[in-house]
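Visitor: sequence and predicted structure, then a few things I'm wondering about:
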Amino acid sequence: MGFSRDEEKDLKLNKNKTIVVALAGNPNSGKTSLFNELVGANQKVGNWAGVTIEKYEGIVKYKGYDIKMVDLPGTYSLTAYSPEEVLARHFIIEEKPDVVINVLDGTNIERNLYLTSQLMELKANILIALNMYDEVEKSGNIINIKLLQQLLGSHIIPTSAVKKTGITSLLDHVIRVYTGDIIIAKNKLTYSVRLEEGIERIVEVLNTQEELKARYVLRWLAIKLLEYDQEIYKLVKEYPVWIRVEQIILNIIELLKIDKSEDSETIIAEDRNAFIRGAIKETVIFKEIKRKSVTEWIDTILINRVLGLPIFMLIMWMVFQFTFALGEWPMKWIESIFHYIGNIAIGVIPPGIIRSIIVDAVISGVGGVIVFLPNILLLFIALSFLEGTGYMARAAFVVDKIMHKMGLHGKSFLPMITGFGCSIPAIMATRTLKNRSDRLVTMMIIPFMSCGAKLPVYVLLISAFFKPSVAGNVLFGIYLFGVFVAVVSAKLLKTAMFKCESEPFVMELPPYRLPTMKSILFQARYKAEMYLRKAGTIILGASILIWFASNYPVNSQLNQTYNQEIEKIVQTTTYDKEVKEKMVHKIQLEKESKNLEHSFSGMAGKLVEPIIRPLGFDWRTGVAIIMGLAAKEVVVSTLGTIYSIGEVSGESVDLAKKLQDDPHFTTATALSLMVFVLLYIPCIATMSVFKKESGSWKLIGIYSAYAMSVAWIASFIVYRASIFLGLGS
Amino acid sequence: MDITLDTLCSGTKAEILRVGASGEIRRRLLDMGVVKGTHIKVVRVAPLGDPIEIHIKGFNLSLRKEEAKTILVKVLGTVGDGKPMGGFFKRRRKGSEIE
């Protein structure tokens, strides 16, 4: 949190008047829109400590008070199963916000009140924002707010984030609760007699433990214990009273089994639901609906049994096109801008190490970071739109069967598809997956979906070693092979690393709504900032490192020899100017090639040669593979440098020709290299995003080892099989 | 007679008798209001035959057949475009063809 408890206390004493308010509510309750309306542009986005769940907070200045709003993650309940729910309840227990605004979707009030019933048990100062009230009025349903207020004990303020109504009234109520003008009644939900007896007995025992008494609402602890809440079990087990508590719990469970032939967890849930049912029956008059709602109409088309899948495919294709086809233009502009800046730098800075660092490492490194921005922005605009409208849940609904077979969740599909464009936005998009193991597995298989940067490598090798008539099939085969490895890996990783830890597919299909432009752009902007800030620094650092590895150590003797040779040509008079320039150029390239051979990268290439020899690669390919860690398309340019493409006296020799002419480089080698480039660890930019999103170096290690082994084994098999098929010469 | 939720075809209205499953899945179901006595309506089956969508307490919920299998129900009748129970098997076969 922003400040510690003590400081907070001081602020109150000094009448500095900071009110801490937490917003709690179901997903799709319009909580985030309401938060945006409340705090406006004064919001900060960060991460909750230790988890990749976004934390939104902001300060509203109202009537001389500073109201600090914290938007808790949207949850349906407060169990220990999901990190979001644990986070929300921890915040309420530990940080003790002055007011908890419980945002309810007025059009879906019964389900939404379930969370309210749990917040009541935490004895928080609850204010209820009855959101989407405009829709409630439009639907013709009538809610007796006064009566509902009495039943719940909290004030209810009708709001609408879309129509911007009820906002000031809500803020007024916050201040009134803070100043003690309104006392929250803290009504309690009463459970069936047996349970209440049990709760009372547990509370009695817990009451003897001063520390627990001081920090927690004992009744809540007792209820959670009877719900088998793992976290609370762990907590209470730390105290000596546990032995007595455990006995009581076992006793109550036994009694309930005899009484109702159900376990306590179910009875608690049933009682909560019954309480809400009763409250709704007394306070809400539902208007009978005769016509199909808009959502039902849309759904009869969009997730229709026949059309559902084709429409889904079409929408995915549109997202892909929107992200990558539209993103290509700004990417080109960015590239040319950095090229331009590089040229200016070359003109201004005298040749030497400094120029080389600035032009080849810093400018191209920064360019390499920023070039992905258009993709990230566009993808997240598309994603927040799909999420905001409610289609994302439908998309998961449509493909879940396929994804479930792979051991994943329906929501993994979109990030995987995005991986065909670029792994970076794809990995960032896995945030839509709430379950950590689903998310990690999806992140780990995304790089196997062949990204756009690998295409130049395939194009070079296919054009060099395959007839144009089969080129398309080979290319398609490579992509398909990537998908195949992804599917197998998902299954493998899921069973090996994250056993039976899947998100249950119990998911709400919310009504379709049009998201606000503001929230879409906000999300996209935030993602872009996050990428630049966190990933950018690592990518930049790594680019400089790679530059260093391929330029050092400097072999001055080698340079001298070449420079002398160049000097010699320049001084002779036998050739005319044009031929001279060409000869100098050729020697320059040869010099670069030799320098690379003697650099750290070259040494590394030679060092790994024994390992990659069985795949048909020599040290030159080794260097290309190592350099490819910067970005996959660099494999091509590195091969170009090593094979020193040159145009000598009008005779044009391109890289494809050079590779063909190399007796060690066969069709088998080409296939092997394509498979290797497809599967081995992705570029540094992807790795840094992976690190950022997974939050663990250990996982990076496991993942790298996995990707490298898969790449080696697959390439080995492909190479040997190709030789067997006679492609080795 | 034991009828489980996964065998109902779209349009069928039913009352929940008992929720099976265990652990997190059970918890999620209970939290979403899938408890004894609640009335539900099966809205549709996904294009590939799984998961299913049900209408419950004024909102729509999707769950896999795997989970629906553990939920015991009493059929209350069909509404709207509901098709007779026999049709389910036909459609189920069709669904598996799509795979």
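Guide: Received, thanks.
Visitor: from chain B, how far out is the closest residue to A:Gln149 other than its chain neighbours?
Guide: Closest residue to A:Gln149 apart from its sequence neighbours, by CB to CB, 6 or more residues apart in numbering or on different chains: A:Ile156 at 5.1 Å. In this view, the C-beta of every residue, glycine as well, is placed from N, C-alpha and C. Separation of A:Ile156 from chain B (CB to the nearest CB, to the nearest Å): 18 Å.
Visitor: part of a strand, is B:Leu61?
Guide: Yes. Judged by DSSP: H, G, I helix; E, B strand; the rest coil, B:Leu61 forms part of a strand.
Visitor: I figured it hits A:Glu508, correct?
Guide: Yes. Between B:Leu61 and A:Glu508 a contact is recorded at 5.9 Å, counting by CB atoms under 8 Å.
Visitor: tell me which of the two has more neighbours.
Guide: The neighbour comparison of B:Leu61 against A:Glu508 (other CB atoms under 10 Å in any protein chain shown) goes to B:Leu61, with 23 against 18.
Visitor: burial count for the closest residue to chain B within the stretch 1-150 of chain A?
Guide: Residue of the stretch 1-150 of chain A nearest chain B, by CB to the nearest CB: A:Ser77 (3.9 Å). A:Ser77 is flanked by 21 other residues according to other CB under 10 Å.
Visitor: contacting residues for it?
Guide: A:Glu85, A:Tyr114, A:Leu115, A:Gln118, B:Arg27, B:Asp31 (CB atoms under 8 Å, 6 or more residues apart in numbering or on different chains).
Visitor: circling back: what is in contact with B:Leu61 and A:Glu508 at once?
Guide: What both B:Leu61 and A:Glu508 touch, as defined by CB under 8 Å, 6+ apart, is the set B:Met32.
Visitor: helix or strand for the residue nearest to A:Gln149, which one?
Guide: strand A:155-158 (DSSP states H and E).
Visitor: got it, and A:Val177?
Guide: helix A:167-178.
Visitor: buried sites along the helix or strand where A:Leu480 lies?
Guide: For A:Leu480, the host element (DSSP H and E) is helix A:468-496. For helix A:468-496, burial by neighbour count (16 or more other CB atoms under 10 Å in any protein chain shown) applies to A:474-475, A:478-479, A:481-483, A:485-487, A:489-494.
Visitor: rounded mean pLDDT for that helix, please.
Guide: For helix A:468-496, mean pLDDT is 89.
Visitor: how about the residues of chain B near chain A?
Guide: B:19, B:24-33, B:35-38, B:43-51, B:53, B:57-64, B:67, B:91, B:98-99 (CB under 8 Å from any CB of the partner chain).
Visitor: which ones among these map onto strands?
Guide: B:Val19, B:Val43, B:Arg44, B:Val45, B:Glu53, B:Phe59, B:Asn60, B:Leu61, B:Ser62, B:Leu63 (DSSP state E).
Visitor: which ones are touching B:Ile71?
Guide: B:Thr4, B:Leu5, B:Asp6, B:Ile16, B:Arg18, B:Val19, B:Gly20, B:Ala21, B:Leu29, B:Val34.
Visitor: quick check: residues of the stretch 251-400 of chain A near chain B?
Guide: Residues of the stretch 251-400 of chain A lying near chain B (CB under 8 Å from any CB): A:265-266, A:269-270, A:273, A:295, A:299, A:303-306, A:308-309, A:393, A:397-400.
Visitor: report the buried members of those.
Guide: A:265-266, A:269-270, A:273, A:295, A:299, A:303, A:305, A:308-309, A:393, A:397-400.
Visitor: so which of these comes closest to A:Ser139?
Guide: The shortest approach to A:Ser139 among these belongs to A:Thr295, at 12.3 Å (CB to CB).
Visitor: can you classify the residue lying closest to that closest one once chain neighbours are set aside by secondary structure?
Guide: Of all residues not flanking A:Thr295 in the chain, A:Pro511 sits nearest, at 4.3 Å (CB to CB, 6+ apart). Following three-state DSSP, we place A:Pro511 in the coil state.
Visitor: A:Pro511 against A:Tyr391, yeah?
Guide: No. Using CB under 8 Å, A:Pro511 is not in contact with A:Tyr391, being 11.6 Å away.
Visitor: find the least confident helix or strand in chain A, judged by mean pLDDT.
Guide: Using mean pLDDT, DSSP states H and E, strand A:647-648 stands out as the lowest-scoring helix or strand of chain A, at a mean of 40.
Visitor: all helices for the stretch 101-250 of chain A, in order.
Guide: Under the criterion DSSP state H, counting those that start in this stretch, the stretch 101-250 of chain A contains helices at A:109-121, A:133-139, A:145-152, A:167-178, A:193-206, A:210-215, A:218-226, A:230-237, A:242-260.
Visitor: now the ones you listed as JSON lines including distance to A:Asn47?
Guide: Formatted as JSON lines, the helices of the stretch 101-250 of chain A follow (distance: least, CB to CB, whole Å):
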{"stretch": "helix A:109-121", "distance to A:Asn47": "23"}
{"stretch": "helix A:133-139", "distance to A:Asn47": "32"}
{"stretch": "helix A:145-152", "distance to A:Asn47": "33"}
{"stretch": "helix A:167-178", "distance to A:Asn47": "26"}
{"stretch": "helix A:193-206", "distance to A:Asn47": "34"}
{"stretch": "helix A:210-215", "distance to A:Asn47": "25"}
{"stretch": "helix A:218-226", "distance to A:Asn47": "26"}
{"stretch": "helix A:230-237", "distance to A:Asn47": "21"}
{"stretch": "helix A:242-260", "distance to A:Asn47": "34"}
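Visitor: what about the helix holding A:Leu480 and chain B, any contact?
Guide: No. Helix A:468-496 lies out of reach of chain B by CB under 8 Å from any CB, never closer than 14.6 Å.
Visitor: so what secondary structure elements neighbour that helix?
Guide: helix A:436-445, helix A:455-465, helix A:667-679, helix A:697-724 (3 or more CB pairs under 8 Å, 6 or more residues apart in numbering or on different chains; DSSP states H and E).
Visitor: columns distance to A:Val162 on top of those helices, output as CSV?
Guide: Listed next are the helices and strands packed on helix A:468-496 as CSV, based on distance: least, CB to CB, whole Å:
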stretch, distance to A:Val162
helix A:436-445, 31
helix A:455-465, 44
helix A:667-679, 47
helix A:697-724, 41
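Visitor: and of the ones you listed, who's closest to chain B?
Guide: Here helix A:436-445 is closest among those (CB to the nearest CB), at 12.2 Å.
Visitor: any idea of the angle that closest one forms with helix A:697-724?
Guide: Taking axes from the mean of the first three to the mean of the last three CA atoms, to 10 degrees, helix A:436-445 and helix A:697-724 form an angle of 40 degrees between their directions.
Visitor: mind checking which of the helices of the stretch 101-250 of chain A is nearest A:Leu589?
Guide: helix A:230-237 (64.3 Å).
Visitor: helices and strands around that closest one, which ones?
Guide: Going by 3+ CB pairs under 8 Å, 6+ apart, helix A:230-237 lies up against helix A:218-226.
Visitor: ok, B:Phe59 to A:Lys61 distance?
Guide: Remark: distance between B:Phe59 and A:Lys61 (CB to CB, to the nearest Å) = 37 Å.
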